[in-house]
Structures are given as C-alpha cells and as structure tokens.
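[1] got a predicted structure here, sequence first:
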Amino acid sequence: MVNVSSIGEVARRKTEEASAKLKEQYDQAIKAVREAREKALQEASRRLEEAAREFAASLSS
C-alpha cells in the first residue's frame, strides 16, 4: 500500500518545482520587457536628439 504522506510529499515537491520554474520564466519575461523598454527609450531619445539638431539647423539657415 502506498503511504499517503509520501504522496503528499511528492505532490508538494512537484508543486515547489513547478512554482520555481514559473518564477524563473516570469523573471526572464520581466527582464526581457525591461530590456525592450530601455532599448525603445534609447531609440526614442536618439530620434528626438536628431530631430532637435535638424530643427536647430533649419532655424540657422
């Protein structure tokens, strides 16, 4: 006969493993979103600076 406590222990361990895996995937997704946001902000800043230079050049011509 299977020990009920061992079934509970296996279920608990599997739950912990699944939770750890989900947390790792969540952390990776958050990191990817943050990196994408930072890259987008850098690109927007670069474009804004370029537009400002072009605007300033058009005023002086």
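    Happy to help now that I have it.

[2] tell me which stretches of the chain form helices.
    Ranges of helices within the chain are 4-60, based on DSSP state H.

[3] in it, which ranges drop under the pLDDT threshold?
    Filtered on pLDDT under 70, the chain yields the residue ranges 1-2, 4.

[4] what residue is smack in the middle of it?
    residue 30 (2.2 Å; C-alpha atoms, centre = their mean).

[5] can you give me the distance of that one to residue 9?
    Going from residue 30 to residue 9 by C-beta to C-beta, to the nearest Å gives 31 Å. From N, CA and C alone the C-beta is placed, and that goes for glycine too.

[6] same question, residue 24
    According to C-beta to C-beta, residue 24 and residue 9 sit 23 Å apart.

[7] do residue 54 as well
    Computed as C-beta to C-beta, the residue 54 to residue 9 distance reads 67 Å.

[8] contacts for stretch 39-55 next, please.
    Counting by C-beta atoms under 8 Å, 6 or more residues apart in numbering, stretch 39-55 makes contact with no residue outside itself.

[9] list the buried residues for that stretch?
    Buried positions in stretch 39-55, judged by neighbour count with 16 or more other C-beta atoms under 10 Å: none.

[10] send the alpha carbons of that stretch over as CSV?
    Written as CSV, here are the backbone C-alpha positions of stretch 39-55 (Å, rounded to 0.1, in the frame of the first residue of the first chain):
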residue,chain,number,x,y,z
LYS,A,39,16.1,49.9,-25.9
ALA,A,40,12.9,51.7,-27.1
LEU,A,41,13.6,54.7,-24.8
GLN,A,42,17.2,54.9,-26.1
GLU,A,43,16.0,54.9,-29.7
ALA,A,44,13.3,57.5,-29.0
SER,A,45,15.9,59.7,-27.3
ARG,A,46,18.3,59.3,-30.3
ARG,A,47,15.5,60.2,-32.7
LEU,A,48,14.5,63.2,-30.6
GLU,A,49,18.0,64.5,-30.4
GLU,A,50,18.4,64.1,-34.2
ALA,A,51,15.1,66.0,-34.8
ALA,A,52,16.2,68.7,-32.4
ARG,A,53,19.5,69.1,-34.3
GLU,A,54,17.7,69.2,-37.7
PHE,A,55,15.3,71.8,-36.3
